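Visitor: What follows is a protein structure lacking sequence information:
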Ligand SMILES: Nc1ncnc2c1ncn2[C@@H]1O[C@H](COP(=O)(O)OP(=O)(O)OP(=O)(O)O)[C@@H](O)[C@H]1O
Ligand SMILES: [Mg+2]
């Protein structure tokens, strides 16, 4: 059995909204990630995916709960401990251009992490450029270019190469392919799958498109309004998925066939859906199978099979 790299225990984030209200963006989430595994987090806009990622990377403070990284709680770190965490946890975001400095060459950008963390001297790092760029299937000539002289797909490859340059223990990709053209997106997903195998990467891959998330992950966590509603192996997803919300996501993925696939419909999530409701199942207002108790009681995630958990009263036998 592979060792656990990351464990979230009752992870909660509450944002103050206005003077008297608060928004429970992430509600008591439990998740584990083993070394070499790739876990997907999927759910529609505003369900708390990025907030989880940002808490894991210590870019957002945790309200409650624990984040165990290699068994150690990393929710209250000193500045130097946080730096050490950033050496081990790298994040790739949706918009690659925003990460670059406009006047910094690709080569300088790529070697920055190696130098910053004292892994290599500047000249040693320059010598590594062919390897770093080759890893993401880019020619070494690109090292002399400025970021605006690259395509969006090339920019994201460079950002991935930089994240991997310091050999992090965990790579978090937050909607990393969402802004790209479908064909470019497909290439980057293929690249990620290859890198995952070759480098034995541990990945947290976040997205709103279930088919995309499924294509690069071993296991999938489905979130709704800050809560984990189902967790299951990617294999057999179609057959095993059982939560009414997961089923709906699946239907919207497969109903139009793969080619004409529309994005999962992100309906007008009303504010009550957005985590303001303090009791009851968050999905209850939209659920076709809701029962009386769903309005007052919140279901907890129960194990129903191997690696399969579900939080739904309608699925209790
Ligand atoms: N700094 C903040 N202050 C207040 N509310 C916030 C803050 N950051 C996020 N939120 C709220 O928390 C909820 C979860 O946001 P989050 O960005 O995690 O969603 P997401 O699942 O990543 O959505 P998307 O798919 O659009 O990226 C949203 O309702 C959002 O408005
Ligand atoms: Mg997000």
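Guide: Yes, it's here. Just so it is clear, the structure is predicted and the values come from calculations on it, not from any experiment. Numbering: from 1, shown residues only. Ligands and ions are numbered 1, 2, ... in the order given.
Visitor: what's near enough to touch residue 33?
Guide: By CB atoms under 8 Å, 6 or more residues apart in numbering, residue 33 lies in contact with 4-7, 39, 170, 202, 204. Any C-beta I mention is one placed from the backbone N, CA and C, and that applies to glycine too.
Visitor: So how do I select the buried members of those in ChimeraX?
Guide: To isolate the buried ones among these in ChimeraX, judged by 16 or more other CB atoms under 10 Å, type:
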select :5,6,7,39,170,202,204
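Visitor: With respect to ligand 1, which of the contacts of residue 33 is nearest?
Guide: Nearest to ligand 1 among these: residue 204, at 12.6 Å, using CB to the nearest ligand atom.
Visitor: Give the buried residues for the lowest-mean-pLDDT helix or strand in the chain.
Guide: Least confident helix or strand, the chain: helix 244-254 with a mean of 86, by mean pLDDT, DSSP states H and E. Residues 244-246, 248-250, 252-253 are the ones in helix 244-254 that count as buried (16+ other CB under 10 Å).
Visitor: same thing with stretch 303-311?
Guide: Result for stretch 303-311 [16+ other CB under 10 Å]: buried residues 304, 308-311.
Visitor: go on, stretch 225-244?
Guide: 225-232, 234, 237, 240-244.
Visitor: Ends of it, what's the gap?
Guide: Using CA to CA, to the nearest Å, one end of stretch 225-244 lies 14 Å from the other.
Visitor: how far away is residue 162 from ligand 1?
Guide: According to CB to the nearest ligand atom, to the nearest Å, residue 162 and ligand 1 sit 22 Å apart.
Visitor: wait, what's in contact with residue 82?
Guide: Contacts of residue 82 by CB under 8 Å, 6+ apart are residue 58.
Visitor: Quick check: buried residues in the helix or strand hosting it?
Guide: Element membership for residue 82 (DSSP states H and E) is helix 79-88. Buried residues in helix 79-88, counted by 16+ other CB under 10 Å: 85-88.
Visitor: now stretch 288-307
Guide: 290, 294, 298-299, 301, 304.
Visitor: want to throw those into TSV with distance to ligand 1 and secondary structure?
Guide: Conversion of the buried residues of stretch 288-307 to TSV gives the following (distance: CB to the nearest ligand atom, whole Å; DSSP: H, G, I helix; E, B strand; the rest coil):
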residue	distance to ligand 1	secondary structure
290	22	coil
294	21	helix
298	18	coil
299	20	coil
301	18	coil
304	25	strand
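Visitor: Could I get the buried residue list for the longest helix belonging to the chain?
Guide: Longest among the helix segments of the chain by residue count, using DSSP state H, is helix 182-199. Using 16+ other CB under 10 Å as the test for burial, helix 182-199 gives 184-185, 187-189, 191-193, 195-196.
Visitor: Then stretch 167-185?
Guide: 167-178, 180, 184-185.
Visitor: Can you get me a residue count around residue 122?
Guide: 12 (other CB atoms under 10 Å).
Visitor: Pull the contacting residues for the spatially closest residue to it that is not a sequence neighbour.
Guide: Closest residue to residue 122 apart from its sequence neighbours, by CB to CB, 6 or more residues apart in numbering: residue 115 at 5.5 Å. By CB under 8 Å, 6+ apart, the residues touching residue 115 are 121-122, 125.
Visitor: Do you have the strands of the stretch 151-300 of the chain handy? List them.
Guide: Along the stretch 151-300 of the chain, counting by DSSP state E, counting those that start in this stretch, strands occupy 170-174, 203-207, 219-224, 227-233.
Visitor: what does the longest one contact?
Guide: Under the contact criterion CB under 8 Å, 6+ apart, strand 227-233 has outside partners 27-31, 48, 218-223, 240-243, 245-246, 282-283, 298, 301, 305-312.
Visitor: Okay then, goodbye and thanks.
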